[in-house]
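Enquirer: Whatever this is, show me its structure:
(one chain, ligands or ions: 2)
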Amino acid sequence: MYNGAHNFINEAIPYQAKVADPLYLVPSLPQGQPEFKQAYLILQRLFPTAELSNIQTTVFLQAWQGKTYQQIAQSTGYDADYIKDVGHKLWRKLSELLGESLSKHNFCSILRRRYQQMEDAELGLDASKASGVRSFQSHKSKKGGEVSRQVCDWGEAAAVPVFVGRQFVMTQLKRWIIEDHNRLIGIFGLGGVGKTALAVKCVEQVESFFDCIIWRSLRDQPNFDALMTDLLGSIGGQGIELPETAQEKVTLLISYLDQHRCLLVLDDWFSVLAGNQLAGSYHVGCETYGLLLRRISESRHKSCVLITSREQPAGLAFTDNEAFPSRTLYLDGLDQDSGREALKSFGLECSDECSDLLLQRYTGNPQALRVAVKTIVDFFAGNVPQFLEREELIYGDIKRLLHQQFARLSELERSIMNSLANREAPGSLADIAAAGDISLDQNDLLLDALESLHRRSFIWKNNGRISVPQLLQEYLKVSQKIGQT
Ligand SMILES: Nc1ncnc2c1ncn2[C@@H]1O[C@H](COP(=O)(O)OP(=O)(O)O)[C@@H](O)[C@H]1O
Ligand SMILES: [Mg+2]
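Expert: Ligands and ions are numbered 1, 2, ... in the order given. Have a look, this model is predicted:
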């Protein structure tokens, strides 16, 4: 059964350790915000006084992953009837504490909603904004260099009519922006995973905290000077006198970001990064973009710059360090609950089992799911098993999208990806070196390449083991067949 983006359960963990410490089930925490850790945090935040036993906590966490009582019994070594009884008592106890009826079937979605409401209330956010209706129309700032009213310039930001799930990361992002005053935040993840949609929804919800909202896409690789002129004009007004050099323009922008509380979103940052080499370096001629990010993260100002990118740019510490308050969010696919909801909203009526199969094969990537749903509805009369019988699940727009990303890999990265293809279990460093016929004296190159693949969200690292998301496995299957990788 699909259980969100990662599978954390290490089946080799001894029984005693599992039951004694539920979080021991997560031997190390992979990138991003693992679903499992989120569940634990939500449990602690919503039920600080619940005092659950270890077995109750274990049932809660495994049920959150969509496991049946039978499966939980197997993984813990307890009798299935006993686990069922623990579950029933647990839902009753939590329902009483929450004042809302919970069951194994509905508890995930109810607790996510309640958690988001609690966090929004703490951050002073208006809950009605959570539905994300843009509250005011775009307009440019008036002339004269002073922003005396709210400027909201969404540029060509996409409308996001359907948006499901993401409560946890959304809450985290809002906290980073509103409460922690981070100057630079990066949302990274594979194409189609939902970075832009998340950023749009987030900005809609926090806009009232800012004097100025500006959204720009770098998809067409704008000339740096033109972008700076545009940004300075948007914040300062069209009549301002512009300095000559790029450095001076950046300095002026930073001073605006200090005078006014701005939320500046730069979408598709990867467009200014170079391909065919390790991830993160800038295209020749685009190095000043790197300078801009560094200045934004290192200079004092009261604004927030949010970038989305398929690759994390190099030369920049997205640290949790107080001196340079910047944060990184690696976005994975939709989890089981939200994925099922997304499939419905894309127009697919099918059983939970069928939804889970699709979510697993496409690693919960909403763009890939959208493409698949259209085909399933148009050509398979909604029959998911029949669609999944096909070997090749990567085609059309999603194939083009993944192809663009694979085309950016260096030689070594490509050979690592090929060596990781079709692996059932995550591999160790030695496995990868052996499978890719990479000699050990190239070990540092191997580490650089793995780090780079991680920056592209091509691999997951967990407890010294490396795995490839199923979506990319599916792509590799197709492209190896036609000799494209
Ligand atoms: N949480 C979500 N719920 C429903 N649809 C989503 C969600 N996130 C993304 N999508 C849809 O998936 C597609 C890809 O999302 P997008 O944000 O453009 O991905 P990215 O920016 O990571 O490439 C879009 O059609 C978007 O509307
Ligand atoms: Mg995008």
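Enquirer: Kindly provide the distance from A39 to ligand 1.
Expert: Computed as C-beta to the nearest ligand atom, to the nearest Å, the A39 to ligand 1 distance reads 18 Å. Placement of C-beta: from N, CA and C, glycine included.
Enquirer: so which helix or strand takes in that residue?
Expert: According to DSSP states H and E, A39 maps onto helix 35-46.
Enquirer: mean confidence for that helix?
Expert: For helix 35-46, the mean per-residue pLDDT is 82.
Enquirer: How about the very next helix or strand once past that helix, which residues are buried there?
Expert: Downstream of helix 35-46, the next assigned helix or strand under DSSP H and E is helix 54-64. Buried residues in helix 54-64, counted by 16 or more other C-beta atoms under 10 Å: 55-64.
Enquirer: Helix 54-64 packs against which elements?
Expert: helix 15-20, helix 35-46, helix 69-76, helix 80-98, helix 107-123 (3 or more C-beta pairs under 8 Å, 6 or more residues apart in numbering; DSSP states H and E).
Enquirer: My guess is S217 contacts A199. True?
Expert: No - using C-beta atoms under 8 Å, S217 makes no contact with A199, being 10.8 Å away.
Enquirer: the more surrounded of these two?
Expert: Per other C-beta atoms under 10 Å, whichever of S217 and A199 has more neighbours is A199, with 24 against 18.
Enquirer: Quick one: neighbours of L257, just the number.
Expert: 24.
Enquirer: Output the set of residues of the protein in proximity to ligand 1.
Expert: Within the chain, the positions near ligand 1 by C-beta under 6 Å from any ligand atom are 160, 162-166, 189, 191-197, 308, 342, 366-367, 370.
Enquirer: Looking at those residues, which are in strands?
Expert: With DSSP state E as the criterion, strands contain T308 from among the residues of the chain next to ligand 1.
Enquirer: Provide a ChimeraX selection command restricted to the buried entries of the residues of the chain next to ligand 1.
Expert: A single ChimeraX command is used to select the members of the residues of the chain next to ligand 1 judged buried by 16+ other C-beta under 10 Å:
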select :163,164,165,166,189,191,192,193,194,195,196,197,308,342,366,367,370
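Enquirer: So which residues of this protein form strands?
Expert: With DSSP E as the criterion, the chain has strands spanning 151-153, 184-188, 212-217, 262-267, 304-309, 326-330, 460-462, 465-467.
Enquirer: Select the helix or strand of this structure having the lowest average pLDDT value.
Expert: Here the helix or strand of the chain ranked lowest by mean pLDDT, DSSP states H and E is helix 15-20, holding a mean of 31.
Enquirer: hang on, the earlier thing: least reliable of the helices and strands packed on helix 54-64 going by mean pLDDT?
Expert: helix 15-20 (a mean of 31).
Enquirer: of all the buried residues of helix 54-64, which comes closest to F379?
Expert: Taking C-beta to C-beta as the measure, F379 lies nearest W64 of those, at 34.8 Å.
Enquirer: List the contacts of the closest one.
Expert: W64 makes contact with 35-36, 39, 107-108, according to C-beta atoms under 8 Å, 6 or more residues apart in numbering.
Enquirer: Could you do A199 as well?
Expert: Contacts of A199 by C-beta under 8 Å, 6+ apart are 187, 265, 267, 306, 308.
Enquirer: I'd like these written out as a markdown table, with distance to C286 and pLDDT added.
Expert: Output for these, formatted as a markdown table (distance: C-beta to C-beta, whole Å; pLDDT from 0 to 100):
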| residue | distance to C286 | pLDDT |
| --- | --- | --- |
| I187 | 20 | 95 |
| V265 | 19 | 96 |
| D267 | 16 | 96 |
| L306 | 19 | 96 |
| T308 | 17 | 96 |
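Enquirer: quick one, helices of the stretch 251-400 of the chain?
Expert: Applying DSSP state H, counting those that start in this stretch to the stretch 251-400 of the chain gives helices spanning 287-298, 336-345, 352-361, 366-379, 384-389, 396-406.
Enquirer: Deepest-packed of those, please.
Expert: helix 336-345 (a mean of 21; mean count of other C-beta atoms under 10 Å).
Enquirer: related to what we said a few turns ago, Throw the helices and strands packed on helix 54-64 into TSV and include mean neighbour count, thanks.
Expert: Below are these laid out as TSV (neighbours: other C-beta atoms under 10 Å):
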stretch	mean neighbour count
helix 15-20	14
helix 35-46	19
helix 69-76	18
helix 80-98	16
helix 107-123	18
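Enquirer: before we move on, the earlier item: show me whatever sits in contact with both of S217 and A199.
Expert: Jointly contacting S217 and A199 under the rule C-beta under 8 Å, 6+ apart are D267.
Enquirer: residue of the stretch 251-400 of the chain with the smallest distance to ligand 1?
Expert: Nearest residue of the stretch 251-400 of the chain to ligand 1 (C-beta to the nearest ligand atom) works out as P366 at 3.4 Å.
Enquirer: Wait, that residue touches L334, no?
Expert: Yes - with contact defined as C-beta under 8 Å, P366 and L334 form a contacting pair (6.0 Å).
Enquirer: residue ranges with poor pLDDT in this protein?
Expert: 1-35, 125-150, 316-324, 436-437, 439-442, 482-485 (pLDDT under 70).
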